[in-house]
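Enquirer: What follows is a predicted structure for the sequence shown.
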Amino acid sequence: MNHLDRLRAVFRMALNLPADADVDGLEYRAVPQWDSLAHMALIAAMEDEFSVMIDTDEMIDMASFAKAAELLEKHGIGATAL
């Protein structure tokens, strides 16, 4: 499983989405599940899954699946475009 598939799984789990939900185009607050509380759970799940520390500015900037993928690349996780 590549890092993007792992990230998709983290998004689905943290946001309580169906296993087949398309999350690649997902943006913050685009679905009711992705509120501020879920955002913090998502950040924590990403930190656990990828063993990274996400700082406050990164948390604020991470407003979409694409931004989350970019954030992982910044932290040295994968280098594949969506």
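Expert: Now that the structure is in, tell me what you want to look at. Numbers count the residues shown, from 1 in each chain.

Enquirer: Quick check: the gap between the most centrally placed residue in the chain and D61.
Expert: What sits nearest the mean C-alpha location of the chain, by Cα atoms, centre = their mean, is A68, with 4.6 Å. Between A68 and D61 the computed distance is 10 Å (Cβ to Cβ, to the nearest Å). The way it works is simple: take the backbone N, C-alpha and C, and place the C-beta from them, glycine included.

Enquirer: which other helices and strands contact the lengthiest helix in the chain?
Expert: If each helix of the chain is counted by residues according to DSSP state H, the longest one is helix 36-50. Counting contacts by 3 or more Cβ pairs under 8 Å, 6 or more residues apart in numbering; DSSP states H and E, the secondary-structure elements packed against helix 36-50 are helix 3-14, helix 56-61, helix 65-74.

Enquirer: The longest one - contacts with which helices or strands?
Expert: What it means is helix 3-14. Other elements packing on helix 3-14 under the criterion 3+ Cβ pairs under 8 Å, 6+ apart are helix 36-50, helix 65-74.

Enquirer: Would you mind pulling the contact partners of stretch 17-31?
Expert: For stretch 17-31, the external contacting residues (Cβ atoms under 8 Å, 6 or more residues apart in numbering) are 8, 11-12, 15, 33-35, 39, 62-66, 82.

Enquirer: sorry, back to before: Serialize the helices and strands packed on helix 36-50 to a markdown table and add fields for mean pLDDT and distance to R29.
Expert: Formatted as a markdown table, the helices and strands packed on helix 36-50 follow (pLDDT from 0 to 100; distance: least, Cβ to Cβ, whole Å):
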| stretch | mean pLDDT | distance to R29 |
| --- | --- | --- |
| helix 3-14 | 97 | 14 |
| helix 56-61 | 96 | 13 |
| helix 65-74 | 96 | 13 |
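
Enquirer: For D48, which of those is the nearest?
Expert: Relative to D48, the nearest member of the helices and strands packed on helix 36-50 by Cβ to Cβ is helix 3-14, separated by 8.5 Å.
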